[in-house]
Structure formats: structure tokens, C-alpha cells
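# pasting the structure only:
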């Protein structure tokens, strides 16, 4: 196997460092130290810390398995449930301390980092559109009341999920995930 | 009117500075500069930055008007709606950039600040218990299906609200509030 380039080493390690400490909670020095690369090499590969954080967010989202939402032969509501179960599973691997990188960066970076804010706006918009399209399929299949606004409900659900991800940084247990799954699938989409 | 003490000047100004920049996004120097007090005076009044942030969180929560949830002669679901409307109003005063201090500190401080984490745990627990008691009243009054788990639903709603508060740092409009109010009161609690 070829040795990973310095850029690759820095970028892939930064996903963990930024996810654990937050953008404002770690310095470029912390990031290069954790990656085991010289601090001086940082600016050969990234324009600034925001640039690296955007790269880290994209890497973080690569493993999202959006295909689960479109799996053939599975009922729409079941696909939605599988989507959130998959996201929960990823979270458990990472430990409860970290929550979701999307919500973390949204909380701490939106105000002062317009490029990140635009990146997050696009991530949320795409995610909500996908969830809404599955909800519309569920409506067409008679699983969800067709009078509900699928777009509004999708945005509500995605935001509720991000809120649960924040809350479990406090509870450090599956409680917020269970509350989300319970109310969403036993009450809201029943 | 008596001149505010140096401690008071520092503490009340810190609510704004911490809410705007986040805990890790501003230094003690930034906080004392914004308050117009000498940096050296900080440690005469607060043990450390976490100590000040806990004080700021308590001040922030003082204006929450929990009494709205218990207003006599108003139906339970209407009180719940008024509660979230009141929180929205506070937010609009502050501008969309800031979101909710509870969710912000939860996102950025839970991991490394156990005293803040415990403070937030208690704030969330009390808030959820209050919302659950109103939901139980709504169930007793026949406004909400009595088979639903009021505690789970209350935690879900509080987390969903916090998620909406994170999202509006991105959208910078009332969208996430409208989505929350719409789905909560037209679908979930219908």
C-alpha cells in the first residue's frame, strides 16, 4: 500500500480532531500534532482552518449511506427508520461525547464563517429534500396522511434529529435517540 | 441608581459575549474588553471561564417566563404554544445569528466541562418535566391521545426545539421556528 500523502494524513486525522474538540476548541497546532505532521506543512495544503473544516465535513458525510433511503423492496417509512438507525449506529461507534459534526459546526461556526455556513446550508437542504421525497412516497403508499406538508415535516425531522444529537452530549446514553425514534415512528408518522 | 459593581458589569456583559461568540470562540480578554473592565479583575470575581459561563447561563434563563406554561384559564396545548412563541420572540430580539445558549453550550462544552454539563443536564431535565406535566394535563383534558408517553414526547419536543435553534443559525430566518410550530401543533399534538 502506498504511503498516504501528507495532505491525506492531515485531512483524515483532522476529521477526528475537529469532531472531538469542535472548530473553535482546537488550534491548527492541535490538528497537526494529532496528525503527526509538522505545523509548518499546514498552509502548503490548506488555505486556512475553515478550508480544512469544510474538507473534514465532506469526509464525515461520505459515510452517510444515503442509498438506504432508496432501498428497493422496502416500504418508505421503514427506509426512513433504517436511515436514522444507521446514523445512530455511526454515532455509537464514535461515542456519545461527539454528537453530529453537522450540528456542531452549525452551532459554533455559522456566524463567523460564511463559507462553512453556505456548505451547511447546502447539506441540510439536500438532506431535507431527500427525506421529503421519501415522505411523499409514504403518502402515496397510504402510510402517512397525504394532507401533511412533506417538506415541512422533513425539515422538522432533520432539525429534531440534530437536537437529539446535541442532547446526547449531555445524557451520554441512547435516551435522545430512543425519544426521537419513539415519537417519530410511533406517534408522528403513525 | 447605584453604579453596578464591577462583578455585575462583567457578568451581565458576558451573557452577550458568550452567546454571540460561544464559549470556545471568545477569550477572557474578549469578555473583559467587551465589559470594559480590566482583565486583571476577572479572577477577583470568577474562579475561571467555566464559572462565568455557568453564571451567564443562569442569567440567560432568568427571562424564560416559565409561568406561561401554567397560566390559568388557558388550555394546556395553547399554553405550550405560547411557551414556544415566547421563546421565539426572545430569539428574534437577539437576531438569528445567536440561536439558544443552552444548545450552544451543550454542543461545545459538554465534553470538556463537567460542571457545565451537569448544569445543562439539570436545565434540560427540569424543562422536560414541566413540558411533560402540561402534556399530561392536555391528555387529561382530551386534547392529546392519552396512550402517548408524555415524558418521551416532552423530551422529543425540547430536543426538536433545540435542533430548530441550531438550524436557524444557518437559515437566518423564521423557517425552522415555523416548521417546529407547524409540525408540532398541526400534526403531532393534533
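Yep, it's here. The model shown is predicted, which means the values in this text are computed figures rather than measured ones.

# thinking residue A:20 is in contact with residue A:98, fair?
Yes - between residue A:20 and residue A:98 there is a contact under C-beta atoms under 8 Å: 6.0 Å. For the C-beta atoms, the positions are set from N, CA and C on the backbone; glycine is no exception.

# which neighbours do these two share?
residue B:111 (C-beta atoms under 8 Å, 6 or more residues apart in numbering or on different chains).

# What average pLDDT does the longest helix seen in chain A get?
Secondary structure of chain A per DSSP state H: the longest helix is helix A:114-140. Helix A:114-140 shows a mean pLDDT of 98.

# That one close to chain B?
Yes - applying C-beta under 8 Å from any C-beta of the partner chain, one finds helix A:114-140 touching chain B at A:117, A:120, A:121, A:124.

# Show me which parts of stretch A:73-82 are buried, residue by residue.
A:76, A:77, A:79, A:80, A:81 (16 or more other C-beta atoms under 10 Å in any protein chain shown).

# swap that for stretch A:55-65, sorry
Under 16+ other C-beta under 10 Å, the buried positions of stretch A:55-65 are A:55, A:56, A:57, A:60, A:64.

# What residues of stretch A:47-57 count as buried?
The neighbour-count check on stretch A:47-57 (16+ other C-beta under 10 Å) flags A:49, A:50, A:52, A:53, A:54, A:55, A:56, A:57 as buried.

# same deal with stretch A:122-134?
Going by 16+ other C-beta under 10 Å, stretch A:122-134 has these buried residues: A:123, A:124, A:127, A:128, A:130, A:131, A:132, A:133, A:134.

# Low-confidence bits of chain A, can you list those?
For chain A, the stretches flagged by pLDDT under 70 are A:1-3.

# okay, the angle between the very next helix or strand once past the longest helix of chain A and helix B:150-171?
Helices and strands here follow DSSP states H and E; after helix A:114-140, the next one along the chain is helix A:150-171. Here helix A:150-171 runs at an angle of 110 degrees relative to helix B:150-171 (axes from the mean of the first three to the mean of the last three C-alpha atoms, to 10 degrees).

# I'd like the distance from helix A:150-171 to the chain centre, please.
Relative to its chain's centre, helix A:150-171 lies at 11 Å (C-alpha atoms, centre = their mean, to the nearest Å).

# Now do the following helix or strand past that helix and helix B:150-171, the angle between them.
Downstream of helix A:150-171, the first helix or strand assigned by DSSP H and E is helix A:175-182. Helix A:175-182 runs at 100 degrees relative to helix B:150-171, counting by the same axes, to 10 degrees.

# Perfect, I'm done here.
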